[in-house]
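Q: any chance you can model this:
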Amino acid sequence: MKTPEHDLQVRCVTYFRYHYPHLRPLFFAVPNGGHRHKATAARLKAEGETTGVADLILLLPNRYYHSLNIEMKWRTRQSPAQKLYEMCCRAAGGRYVICRSLAEFQHELADYLSTVDPNTLSALAAIHRAVEAAKAEAAKKEYKKLINNGQLTMDN
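A: Numbering: from 1, shown residues only. Next up, the predicted model:
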C-alpha cells in the first residue's frame, strides 16, 4: 500500500540516484516495518532486522560523522524504537536527521556531503566511471556479436 511517506522516500531516492550515481553503492534503504506474513517477519528478524533503524542510510563518512541516517516522516512522529535508534546512532558518531520533504532531504544531503573528503569523492567517482565504461564496452561487444551472428541487422 502506497502512502505519502512512501512517495516522499521514492522521490528522495530518485533524486539521489540521479544526482549522485557514484555514491549509489553506499546509499540504501532499510526495509523495516510494513505488513508482512508472520513467517517472513520471523525470517527477517532472525536475519537481523532491527525495529527503529532509519529508512535511508548513506554509509560515507564526512569530517564529523561516520554515516548519514535519514528517517522519512510525513505527518507522523517517531516511534519509541526510532527515538532509541536516533540516540544510539548519535552516541556512536552518526548523523541522524528527519526529513519531511524533498527540499529538506536535498538540504541535509548537500550539507553532509560538503564536508566529505574530496579525495574520497574523487575515488568513488573514478570507480563509478570505470564500472560504467565496462558496461558500455560489454554492450558494444554484445551488439557486435548479434550483428555477426545475423540476429540483428541494420534494418532492425
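Q: number of residues surrounding the residue nearest to residue 90 when sequence neighbours are not counted?
A: The shortest distance from residue 90 to any non-neighbouring residue, by Cβ to Cβ, 6 or more residues apart in numbering, is to residue 96 (5.6 Å). Yep, even glycine has a C-beta here, placed from its N, CA and C like the rest. Residue 96 has 18 neighbouring residues, counting by other Cβ atoms under 10 Å.
Q: make sure residue 96 is indeed in a strand.
A: Yes: judged by DSSP: H, G, I helix; E, B strand; the rest coil, residue 96 forms part of a strand.
Q: tell me who's in contact with it.
A: The contact partners of residue 96, by Cβ atoms under 8 Å, 6 or more residues apart in numbering, come to 54, 69, 71, 85-86, 89-90.
Q: derive a ChimeraX selection command for the buried subset of the residues you listed.
A: The buried residues among the contacts of residue 96 can be selected in ChimeraX (16 or more other Cβ atoms under 10 Å) with this line:
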select :54,69,71,85,86,89
